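K.L.:
only geometry, no sequence info:
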């Protein structure tokens, strides 16, 4: 298995994990609310946290989708801004990284 295939597997596994997590968040957000006002306040706070996690998960899914698109186009591992290779160290940390370290800093 070459590096691109290994990263594709990592990305697809993470994509499935996020989709599952987001599905559970949707179920939790759709549940029947408690009648007690104290419980409702706690549920409201919990819903805000879940919505934040859901939004972060959606953003990561979009980034993963873009990375999978770059794999299909044969441009995975190249900075979308300058076209230079993204370091293996950066891709190991963030497999869906679209930018090299230099462009990320600017």
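P.N.:
The structure has been received and is ready for your questions. All figures in this text were calculated on a predicted structure; none of them were measured in a lab. Numbers count the residues shown, from 1 in each chain.

K.L.:
could you report the distance from residue 9 to residue 81?
P.N.:
Separation of residue 9 from residue 81 (Cβ to Cβ, to the nearest Å) stands at 26 Å. For every residue, glycine as well, the C-beta is placed using N, CA and C.

K.L.:
give me the below-cutoff pLDDT ranges for this structure.
P.N.:
Applying pLDDT under 70 to the chain flags the ranges 1-2, 29-52.

K.L.:
could you list every residue that touches residue 91?
P.N.:
The contact partners of residue 91, taken as Cβ atoms under 8 Å, 6 or more residues apart in numbering, are 7, 77, 97.

K.L.:
quick one: secondary structure of residue 76?
P.N.:
On the three-state scheme (DSSP: H, G, I helix; E, B strand; the rest coil), residue 76 is labelled coil.

K.L.:
against residue 8, how distant is the closest residue to it other than its chain neighbours?
P.N.:
Sequence neighbours aside, residue 70 is the residue nearest to residue 76 in space, at 4.3 Å (criterion: Cβ to Cβ, 6 or more residues apart in numbering). Noted for residue 70: a distance of 10 Å to residue 8, by Cβ to Cβ.

K.L.:
what is in contact with these two at once?
P.N.:
residue 76.

K.L.:
let me know the helix or strand that residue 55 is in.
P.N.:
Here residue 55 sits within helix 37-73, counting by DSSP states H and E.

K.L.:
buried residues in stretch 81-95, which are they?
P.N.:
Neighbour counts over stretch 81-95 (16 or more other Cβ atoms under 10 Å) mark 86, 90-91, 95 as buried.

K.L.:
now that stretch, how far from the centre of its chain.
P.N.:
Distance of stretch 81-95 from the chain centroid (Cα atoms, centre = their mean, to the nearest Å) equals 16 Å.
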